[in-house]
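K.L.:
Below are the sequence and a predicted model; questions follow.
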Amino acid sequence: MTPEERSAHFNKSNATKYIGKDPGFMKQFIGLMQLELNKSILKLEEAIESGNLKQLKETGHRLKGASLTASMTILSNLALKFSEMNSFNKDYSIQCLSDLKKEAELVIMLLNQEDLI
């Protein structure tokens with residue numbers, strides 16, 4: 001993956017503007033983002049299963065904000081799809097969640113790489 005491709009998933013340079021360059025805090029940040037991603041995915045799965053549009057929108061909005069602050073542009077755009085839903089469509093929601101999960105796995109892998117810490 002080129003540096004340009006990597007920064008579309010996680011832009012360390014932009015993130016350090018918000019969170020600083022302290023390695024200890026970067027590790028805390030990584031842990032918090034992993035926790036937030038996992039928690040959001042679970043909430044999205046629950047919302048899809050129950051057809052809860054309000055929960056989809058709220059969880060998507062929260063994840064969009066967290067990922068945008070963390071300079072995770074692609075993840076933020078995927079979360080935006082949930083926050084902008086006007087009606088519930090289970091198939092579309094499942095596809096969006098699948099895309100979001102793939103991106104979340106990639107972002108977590110990038111965050112855990114030694115050169116980012």
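P.N.:
Structure's in. What do you need? All of these numbers come straight from a predicted model, not from anything done at the bench.
K.L.:
which stretches of this protein have low pLDDT?
P.N.:
114-117 (pLDDT under 70).
K.L.:
Which parts of it are helices?
P.N.:
Per DSSP state H, the chain carries helices over the ranges 3-9, 12-19, 23-50, 53-69, 73-83, 90-112.
K.L.:
Identify each buried residue in the third one, please.
P.N.:
In terms of neighbour count (16 or more other Cβ atoms under 10 Å), helix 23-50 has its buried residues at 26, 29-30, 33, 36-37, 40-41, 43-44, 47-48. To be clear about C-beta, it is placed using only N, CA and C from the backbone, and glycine gets the same treatment.
K.L.:
That one vs helix 90-112, what angle?
P.N.:
Here the directions of helix 23-50 and helix 90-112 differ by 170 degrees (axes from the mean of the first three to the mean of the last three Cα atoms, to 10 degrees).
K.L.:
any idea how far helix 23-50 is from the chain center?
P.N.:
8 Å (Cα atoms, centre = their mean, to the nearest Å).
K.L.:
Which neighbouring elements make contact with it?
P.N.:
helix 12-19, helix 53-69, helix 73-83, helix 90-112 (3 or more Cβ pairs under 8 Å, 6 or more residues apart in numbering; DSSP states H and E).
K.L.:
Just put those in a markdown table and tack on distance to Met1 and mean neighbour count.
P.N.:
As requested, these are exported to a markdown table (distance: least, Cβ to Cβ, whole Å; neighbours: other Cβ atoms under 10 Å):
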| stretch | distance to Met1 | mean neighbour count |
| --- | --- | --- |
| helix 12-19 | 13 | 14 |
| helix 53-69 | 18 | 19 |
| helix 73-83 | 12 | 20 |
| helix 90-112 | 8 | 16 |
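K.L.:
Out of these, which is closest to Arg6?
P.N.:
In terms of Cβ to Cβ, the element of the helices and strands packed on helix 23-50 nearest to Arg6 is helix 90-112, at 6.4 Å.
K.L.:
what angle separates the closest one from helix 73-83?
P.N.:
Using the same axes, to 10 degrees: helix 90-112 against helix 73-83 is 150 degrees.
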